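**Q** Requesting a structural model of the entry that follows:
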Amino acid sequence: MRGRRSCTVRLVEGLQIAAVLRSLPEPPLTSGGWRFPDEGSAVLVLPGVGELVLRYRPPNPTLAITGRAGGGPPKTPFQKLLAARARGPLTGVRQLKRDRVVFFEFGGEKGFVDAPPTRLIFELTGRNANLILTDEKGVIIGADRFIGPEVNRYRQVKPGLPYRPPPPYHKLDPESVGASQLAPLVGQPLARGLVRLVDGIGPNLAAELARRLGWEAARKVGEGDLERLAAAIRELAADPGEVKESGGWREETEAALRKPLLAALEQRRKTLLRRLDDAARARAEAGRAGEWQHIGDLILANAHRLQPGARELEVEDWEGGRRRIELDPARDAAANARLYYRKARRARARAERAAAQEGRVLEELAAVERQLQEVAGADLKELRRLHRELRAADRPALGLRLLSPGGFEVWVGRNSKENDLLTRAAHSGDLWFHAQGVPGSHVILRARGASPPLEDLLYAARLAAYHSRARGEKSAPVDYTRVKHVWRPRKAAPGQVLYTRAKTLFVDAERPPERDENGKKG
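**A** Numbers count the residues shown, from 1 in each chain. Next up is the predicted model:
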């Protein structure tokens, strides 16, 4: 490998990955351990070299060497596994041909609990990106995303199975390609042909190569172009450079954190502005309250003239002139008068509530405006703090939160979106309940691997039955299993899941006595 240089890429392709790996010194390299900036990023500290950043969540995985990437303790179960098992010196780094797959070998270390050698496989394959940990024999220990037979029958990613690399392919080596090997490109559009024929070149690098040659990406290759094209490909392999969508890892992370914060604040700002508009309308309606009160008085004063089924009443207004009053033909004079009196009372009440709340709404709106400015200029550390606060503030509003008789927390989804989010947010060792064969809520019993008593299981099962189309039935079947055995199939709508290893309880689909998070019965 060649001398070290700082190298960061985005929307990476095979030759760019190779350039990053060339910037590392020859292994073995001392490892300073792992840090984790967020749930989709891992940072391997390499003293004297830099920090190797693996941003592994789809759709835009990133491989980078930076000076300081930040991060903290593990935030997901897989990150905890990675920190515990991928330890010791980095003894090897290799790329699968020029594909977007990289293997990192760790030598393990001795300690109170020995960490044997492991292999970390980073698949930077766009929407299928994944980070997979195996033992030295290639047996999968864990992964960021498990892949079952319902997604891919031939290449599953599950603990205990051997790791299978992506299917083999045959393309030209860009570092040694010759003009004669490029003959199949003659008559083909340049960019499309390069992607199909030459290893490590994707759409971005094909466009970059065309730019360096001064050609159009769609230009058809001629026989006289092959010598120059082969030389340009070899130069590109030696130095693919930066893609146009360049940007530092820190800037990308800041942008990813800033976007939901700004969106939440902007939504809150719109809500507050709507409340101010509602207050203005309430004041306008309050101005008519006196008129509606007066109409009610006129109806009662002329009740003797009202004919059954009349839709209007024309009366002499003691405030001057004549007035035509609309009526409900199904009501008598007293009932019609009450309708107008009720409109007057409600208009005055809305105006009073609006007046009482308007000052607070204006204060909150000013605070939100300040927060929008702060978030727009916040650095990475401040954005992470604000993001944690936003998630903590949102969490209590997500789903119905109750306590089982034994004190276990219970989550109940109230719609398909909440069902999906609650199930995804649950611990792998929590228990998941659902009424068998009918639409209904996902219910999570927060067991975290424990085995709750039967009383708690029945409580959660009754909640699942009650919050489903089985409500009111006797002896309704409810399936339950650990959350780790529940998954959402590819392209399935939110809340639609498959599950295995389930047991079934039969319960009355009636609402059990509910306790909120403070233990108070509902």
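
**Q** burial of Ala232, as a residue count?
**A** Residue crowding around Ala232 was assessed by other CB atoms under 10 Å; the count is 16. C-beta: built from backbone N, CA, C; applies to glycine.

**Q** three-state assignment of it?
**A** Recorded secondary structure, Ala232: helix (DSSP: H, G, I helix; E, B strand; the rest coil).

**Q** Help me confirm that it comes into contact with Leu213.
**A** Yes - applying CB atoms under 8 Å, one finds Ala232 in contact with Leu213, separated by 5.5 Å.

**Q** Spatially, which residue comes closest to Arg331, not counting chain neighbours?
**A** Among residues not flanking Arg331 along the chain, Leu339 sits closest, at 7.2 Å (CB to CB, 6 or more residues apart in numbering).

**Q** What lies in contact with stretch 458-472?
**A** Outside of stretch 458-472, the residues within contact range by CB atoms under 8 Å, 6 or more residues apart in numbering are 402, 404-405, 410, 412, 414, 431, 433-435, 438-443, 445, 473, 476, 478, 480, 505, 507-512, 514.

**Q** buried ones in it?
**A** Taking 16 or more other CB atoms under 10 Å as the basis for neighbour counts, the residues of stretch 458-472 that come out buried are 458-468, 470.

**Q** mind giving me CSV with those residues and columns for secondary structure and distance to Gly160?
**A** Output for the buried residues of stretch 458-472, formatted as CSV (DSSP: H, G, I helix; E, B strand; the rest coil; distance: CB to CB, whole Å):
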residue, secondary structure, distance to Gly160
Leu458, helix, 33
Tyr459, helix, 34
Ala460, helix, 29
Ala461, helix, 31
Arg462, helix, 36
Leu463, helix, 34
Ala464, helix, 31
Ala465, helix, 35
Tyr466, helix, 38
His467, coil, 36
Ser468, strand, 34
Ala470, coil, 36
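
**Q** Output the residues you listed as CSV; include the columns distance to Ala263 and pLDDT.
**A** Converted to CSV, the buried residues of stretch 458-472 look like this (distance: CB to CB, whole Å; pLDDT from 0 to 100):
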residue, distance to Ala263, pLDDT
Leu458, 41, 95
Tyr459, 37, 95
Ala460, 34, 95
Ala461, 38, 96
Arg462, 38, 95
Leu463, 32, 95
Ala464, 33, 96
Ala465, 37, 95
Tyr466, 35, 94
His467, 30, 94
Ser468, 33, 94
Ala470, 38, 91
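
**Q** I'd like these laid out as a markdown table, including distance to Val45.
**A** As requested, the buried residues of stretch 458-472 are arranged in a markdown table below (distance: CB to CB, whole Å):
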| residue | distance to Val45 |
| --- | --- |
| Leu458 | 49 |
| Tyr459 | 47 |
| Ala460 | 43 |
| Ala461 | 47 |
| Arg462 | 50 |
| Leu463 | 46 |
| Ala464 | 45 |
| Ala465 | 51 |
| Tyr466 | 51 |
| His467 | 47 |
| Ser468 | 49 |
| Ala470 | 53 |
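
**Q** Name every strand pairing with the helix or strand encompassing Phe104 and say which way it goes.
**A** Counting by DSSP states H and E, the element that carries Phe104 is strand 101-106. The partner list of strand 101-106 in its sheet, established with DSSP bridges, is strand 90-95 (antiparallel), strand 118-123 (antiparallel).

**Q** a markdown table for those strands, including mean pLDDT and mean neighbour count?
**A** Formatted as a markdown table, the strands paired with strand 101-106 follow (pLDDT from 0 to 100; neighbours: other CB atoms under 10 Å):
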| stretch | mean pLDDT | mean neighbour count |
| --- | --- | --- |
| strand 90-95 | 95 | 17 |
| strand 118-123 | 96 | 22 |
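
**Q** Present these as TSV; the columns should include distance to Pro494.
**A** Putting these into TSV (distance: least, CB to CB, whole Å) gives the following:
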stretch	distance to Pro494
strand 90-95	37
strand 118-123	26
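
**Q** looking at these, which is closest to Thr134?
**A** Within those, the stretch nearest Thr134 is strand 118-123; the backing value is 4.8 Å (CB to CB).

**Q** so how many other residues sit close to the residue nearest to Arg331?
**A** Neighbours around Leu339, by other CB under 10 Å: 17.

**Q** In a helix, it, correct?
**A** Yes - going by three-state DSSP, the assignment for Leu339 places it inside a helix.

**Q** Now do the contacts for it.
**A** 296, 328, 331.

**Q** Buried among those residues? Make that a ChimeraX selection.
**A** What follows is the ChimeraX syntax for the buried subset of those, where burial is set by 16+ other CB under 10 Å:
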select :296
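
**Q** Let me know the closest of the contacts of Leu339 to Glu352.
**A** Out of the contacts of Leu339, the one with the shortest distance to Glu352 is Gly296. That distance is 19.7 Å, counting by CB to CB.

**Q** So what does that closest one have for phi and psi?
**A** Here is the backbone geometry of Gly296 (degrees, to the nearest 10): phi -60, psi -40.

**Q** Show me how this structure divides into domains.
**A** When the chain is parsed into structural domains using automatic domain parsing, the resulting residue ranges are 7-143, 180-238, 249-393, 398-507.

**Q** which residues of the chain fall in helices?
**A** Counting by DSSP state H, the chain has these helices, from start to end: 14-22, 77-85, 190-197, 203-213, 226-238, 249-301, 333-377, 380-394, 416-425, 454-466.

**Q** okay, the ones you listed in a markdown table with distance to Gly320 next?
**A** Rendered in a markdown table, the data for these read as follows (distance: least, CB to CB, whole Å):
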| stretch | distance to Gly320 |
| --- | --- |
| helix 14-22 | 85 |
| helix 77-85 | 79 |
| helix 190-197 | 83 |
| helix 203-213 | 79 |
| helix 226-238 | 90 |
| helix 249-301 | 12 |
| helix 333-377 | 19 |
| helix 380-394 | 57 |
| helix 416-425 | 58 |
| helix 454-466 | 61 |
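
**Q** Lovely, talk soon.
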